[in-house]
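Trainee: Here you go, sequence then predicted model.
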Amino acid sequence: RAHCVCDACPPLEELPAPLRHVYVFMHHKEVLLAVDTAKMGLAAYPSAARLVVAGLGNQPAEDEMRAALAAGEAVVLFPGDDTATPSDLRRRDGPLDVVAIDGTWEQ
């Protein structure tokens, strides 16, 4: 608990763009690793964070995530030349879901 950062994470409602859910998309080989960084996000936002493990079936959180992406109600955090900026996201109407890809997936 000495190194926990959960208390330093602002509530999602206080962030510039209203966030509804944060989906952590994790490779199935990362699930039991001791260096699993997804645990931090899940612990910091227990009511809004959802874990989606690639390669496992029958996950309601994955269905929610895919529906939000298909409806344009979610963004994937990934660097690129045409990536939306935080200012772009602030101009959106309504809440937004975020998909964070956990790890480099070199497995």
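Mentor: Looks like it came in fine. Residues are numbered from 1 along each chain as shown.

Trainee: ok now the longest helix anywhere in the chain, how far from the chain's centre?
Mentor: As assigned by DSSP state H, the longest helix anywhere in the chain is helix 60-70. Computed by C-alpha atoms, centre = their mean, to the nearest Å, the chain-centroid distance of helix 60-70 equals 12 Å.

Trainee: Can you give the strand pairings for the helix or strand just after that helix, parallel or anti for each?
Mentor: Of the helices and strands lying after helix 60-70 in sequence (DSSP states H and E), the nearest is strand 74-77. Here strand 74-77 is paired, per DSSP bridges, with strand 96-102 (parallel).

Trainee: Now do the strand it pairs with and helix 60-70, the angle between them.
Mentor: If you take axes from the mean of the first three to the mean of the last three C-alpha atoms, to 10 degrees, strand 96-102 sits at 120 degrees to helix 60-70.

Trainee: quick one: average confidence on strand 96-102?
Mentor: Mean pLDDT, strand 96-102: 87.

Trainee: State the distance from residue 22 to residue 57.
Mentor: Going from residue 22 to residue 57 by C-beta to C-beta, to the nearest Å gives 22 Å. In short, each C-beta sits where N, CA and C put it, glycine included.

Trainee: quick one on the thing from earlier: give me the contacts around the longest helix of the chain.
Mentor: Applying C-beta atoms under 8 Å, 6 or more residues apart in numbering, the contact partners of helix 60-70 are 21, 23, 25, 50, 51, 52, 74, 76, 97, 99.
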